[in-house]
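Engineer: here is my input, please return the structure:
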Amino acid sequence: MLKKILILLLLFSISNNVIKAQTTELEDDLKKQSKDSLDGWKTGGVFSLNITQVSLTNWAGGGQNSISVNGIMSLFANLKKGNSTWDNSLDLGYGIVKQGSDNVRKTDDKIDFMSKYGQKATKHWYYAGLVNFKSQFAAGYNYPDDSTEISNFLAPAYVLSAIGMDFKPNDNFTLFLAPLTMKTTIVNVQTLANAGAYGVEKAEYDNLGNILKKGKNIRSEYGGYLRGIFKKDIMENINFQTKLELFSNYAEEPTHIDVNWEVLIAMKVNKYISATISTQLIYDHDVDIAVDSNNDGIVDRVGPRTQFKEVLGIGLNYKF
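Structural biologist: Presented below is the predicted three-dimensional model:
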C-alpha cells in the first residue's frame, strides 16, 4: 500500500512540474507576442483636397466668378524598438484662389517636418533629441500689393534642434521639454534680408542709399523649447489634433515667447468626402507686420502682431 502511495506522489510531482514548465513557456510566449505587437513601425496620414468654383452670368445679386483649390496632407511614421522611439511627421498645405480678373493669389502655404528620437528613461519619460524644419513653397505677397515679395521658399525657413525630455503617457499625447535649443532663421531672399525681415540683421546704407554691408541671411537663437501634441478620435468619424510650440530666447528678451498653436479637426462624411477645419495662431516678436488700418494702400504702422489663419474645406479626403 505504501509503495502505491509513493508511486502516486511521484507521478503527481512529475505532472505538476510539467504543467508549471508549460505554463512558464506559455507566459513567455505571450509576453514576447505582446512586446512584438508594440514594436515596429506605425504609419498613417490624412490627405484632403477641396475645390470651389463659382460662375455667374447676368446675376442680379452681384458677385464675381471664382475658383479656389486648397489641399492639406499630414503624414507620420513612428518606430518603436525596445527602449527606443523614432517619431517623424510631415505636414504640407497649399491653396490658391482666382477671383474675377485678379491674378491667382496664394491662400495657404506650409511645409513642416519633424524628426524626434527618444531613449527610454522611465515608464513614460524619454531622453530625446528633436529636429524641426518649417518653410513654404512659393512667394507670398501682402495683397493687394502683388509686386513686393514678402516671403518665399527658405525666406523665411526655421530650423530648430533641441535636446530634452519627452513625456509620452500614451499614443494620444506627448510633451517635449528642451532646455537646450538652437533656433536658426534663414532668409534666402537678399531684399528681405537687407530689410531685416524675420529678425535677421539688416543691411547698412550710406547717405545716398548705397549698401555698405548686406543684410545677414541667417540668425541663430539659443533658448528653451516646449512642444505638446494631442490627437484623438473624439467622436465616430471625427479626429481632433492640436499642437502647441513655445520658444524663449535666453539672451534676448526671454519674456517675449514665440508661440505656434495649430488645431486640425477632420470630419469624415463617407469614405471619400470629408470636411476639415484648421487654425493656426502665431506670435513672433521678431516678425514685423505691416498694418493698413483704413485700407488706403498706405502702411500706417509696423510691428509684431498676433497672426491667425483659419481654413475650412469640404471635399475629397483619404485617410490611411
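
Engineer: show me the shaky parts of this protein.
Structural biologist: Flagging of the chain using pLDDT under 70 yields the residue ranges 1-37, 297, 316-320.

Engineer: longest strand of it, counting residues only.
Structural biologist: Longest among the strand segments of the chain by residue count, using DSSP state E, is strand 218-235.

Engineer: each with direction, which strands does the next helix or strand after that one pair with?
Structural biologist: Where DSSP states H and E defines the elements, the next helix or strand beyond strand 218-235 is strand 238-249. In the sheet containing strand 238-249, its partner strands are strand 218-235 (antiparallel), strand 258-268 (antiparallel), by DSSP bridges.

Engineer: could you dump those strands to CSV with mean neighbour count?
Structural biologist: Placement of C-beta: from N, CA and C, glycine included. As requested, these are exported to CSV (neighbours: other C-beta atoms under 10 Å):
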stretch, mean neighbour count
strand 218-235, 16
strand 258-268, 18
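
Engineer: let's have those strands in JSON lines, adding distance to Arg105.
Structural biologist: Supplementary listing: the strands paired with strand 238-249 in JSON lines, determined by distance: least, C-beta to C-beta, whole Å:
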{"stretch": "strand 218-235", "distance to Arg105": "29"}
{"stretch": "strand 258-268", "distance to Arg105": "22"}
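
Engineer: who's in contact with the residue nearest to Lys202 when sequence neighbours are not counted?
Structural biologist: Spatial nearest neighbour of Lys202, chain neighbours left out: Gly196 (2.8 Å); criterion: C-beta to C-beta, 6 or more residues apart in numbering. Under the criterion of C-beta atoms under 8 Å, 6 or more residues apart in numbering, the contact partners of Gly196 comprise 202-203, 215.

Engineer: quick one: which of these is most hemmed in?
Structural biologist: Of those, Gly215 is surrounded by the most neighbours, 19 neighbours in total, counting by other C-beta atoms under 10 Å.

Engineer: quick check, that one in contact with Tyr205.
Structural biologist: No - at 10.4 Å, Gly215 and Tyr205 do not qualify as touching, with contact defined as C-beta atoms under 8 Å.

Engineer: and the strands in the stretch 51-200 of the chain?
Structural biologist: With DSSP state E, counting those that start in this stretch, the ranges of strands along the stretch 51-200 of the chain come out as 66-81, 84-99, 105-120, 125-135, 140-141, 149-151, 157-167, 173-186.
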